[in-house]
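**Q** Predicted model, plus sequence, below.
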Amino acid sequence: MDLNDEDLIRRVVEDGDQRAYAQLVRRYQSQLRFSLRQLCDGDQALADDMAQEAFIKAYKALPAFRGDARFSTWLYRIAYNLVMSYKRKKAPEVDQEAVDRAQADESVEEAQQLGMARDLNSAMSTLSDAQRQAVHLCMQRGFSHEEAASIMKLPLGTVKSHVNRARAKLQTMLQAWREEVVSG
Amino acid sequence: MDKFEQRNSNSLNNPVLQGKDPDFGDPEFDQWLSQQLQFNEPYLDNDGFCERVMEQLPAPSKRAERRATRVQYAAVVAASAIVVWQFPFGEVLSEAVQQSISLYSLVGLGVLSSLVAMTGGILAARR
């Protein structure tokens, strides 16, 4: 039976039911790990470690979760905080080998993708980190601007501006693909 | 919820894509871009990730455990009470007397079977 997030959280907090938490982990692991891979510049091992730590931290803090925001927003906020604080502390010690390996893997995957996906990735890579994250959260993950602002710890106006600028840039770069789709 | 449904519900619930946002740009482009981004995203297999997380979680709090145990005991007691309430003791006793079955052995058997049922219920609920 697929319970919603609120019911699962209630089971974890009130009954100490760890199986309910395992369901939440399974529900969000792919999305969170994928998002963190982007945030960690392709370092998959680091992204997975951060995602793991975020889930553990979220579990410990779950009794304090009041449900003001969605669980996914709250989880992303924890994960983004972890990555940002890691980046601040460990910036000079990035495992360049791991990054290169991951990027090489990605290049192989990218080569296998068709033109549209490749151009989309390439267009996304021209955006600034903040613009890419704002677009990822709002347009790929379905968070509202307010939720994205709370996750990224940025003012709402700044997030909107990132999304708008990124949208304009992507619209120009991907216009040809879109016209092709529209014209069939 | 599978990934496809999740993606679609993301898109449907997103105010950025629904035109509710005051800074809303070109709705068609936003919808198209959102679809492209979502459909190009690979699903990352669990591949032991969940298990690694679960291994590192602290044990559930004693309070939560005690609460769960209390709930289990309450359920067993309530079930037993219903059985006692509905069970036709009078008829069974009179039948036993008529059949000249020892009252003591009958009561003993009843108590023993109740204990076994309650213990089994508690053990099953705690698994």
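**A** Nice, thanks for sending it over.
**Q** Which secondary structure elements does the host helix or strand of B:Val83 sit against?
**A** Element membership of B:Val83, judged by DSSP states H and E, is helix B:62-86. Helix B:62-86 sits against helix A:5-15, helix B:103-126, with contacts defined as 3 or more CB pairs under 8 Å, 6 or more residues apart in numbering or on different chains; DSSP states H and E. Where C-beta positions appear, they are placed from N, C-alpha and C, glycine not excepted.
**Q** most neighbours per residue, which of those?
**A** Compared across the helices and strands packed on helix B:62-86, helix A:5-15 shows the largest average neighbour count, a mean of 17 (mean count of other CB atoms under 10 Å in any protein chain shown).
**Q** for the following helix or strand past that helix, which positions count as buried?
**A** Using DSSP H and E, the helix or strand that follows helix A:5-15 in sequence is helix A:18-39. Residues A:18, A:20-25, A:27-37, A:39 are the ones in helix A:18-39 that count as buried (16 or more other CB atoms under 10 Å in any protein chain shown).
**Q** what is the orientation angle of helix A:18-39 with helix A:5-15?
**A** If you take axes from the mean of the first three to the mean of the last three CA atoms, to 10 degrees, helix A:18-39 sits at 130 degrees to helix A:5-15.
**Q** what element comes up after the helix or strand of chain A with the lowest mean pLDDT heading to the C-terminus?
**A** Counting by mean pLDDT, DSSP states H and E, chain A has its least confident helix or strand at helix A:96-112, which shows a mean of 59. The first helix or strand that comes after helix A:96-112 along the chain, using DSSP H and E, is helix A:115-125.
**Q** Whether that following helix contacts chain B - can you check?
**A** Yes: Helix A:115-125 lies within reach of chain B by CB under 8 Å from any CB of the partner chain, at A:116-117, A:120-121.
**Q** Just the angle for that helix relative to helix A:18-39, thanks.
**A** Using the same axes, to 10 degrees: helix A:115-125 against helix A:18-39 is 80 degrees.
**Q** so after helix A:115-125, what's the next helix or strand?
**A** helix A:129-135.
**Q** quick check: domain ranges of the chain?
**A** Unless you meant another one, I'm taking chain A. A:1-95, A:113-184 (automatic domain parsing).
**Q** oops, I was thinking of chain B
**A** According to automatic domain parsing, the ranges for chain B are B:1-57, B:60-126.
**Q** Check the ones you listed for me: which has the lowest mean pLDDT.
**A** Mean pLDDT is lowest for domain B:1-57 among the domains of chain B, at a mean of 72.
**Q** picking that back up, among the residues of helix A:115-125 next to chain B, which pair sits farthest apart?
**A** Greatest spatial distance among those (CB to CB): A:Met116 and A:Asn121, at 9.7 Å.
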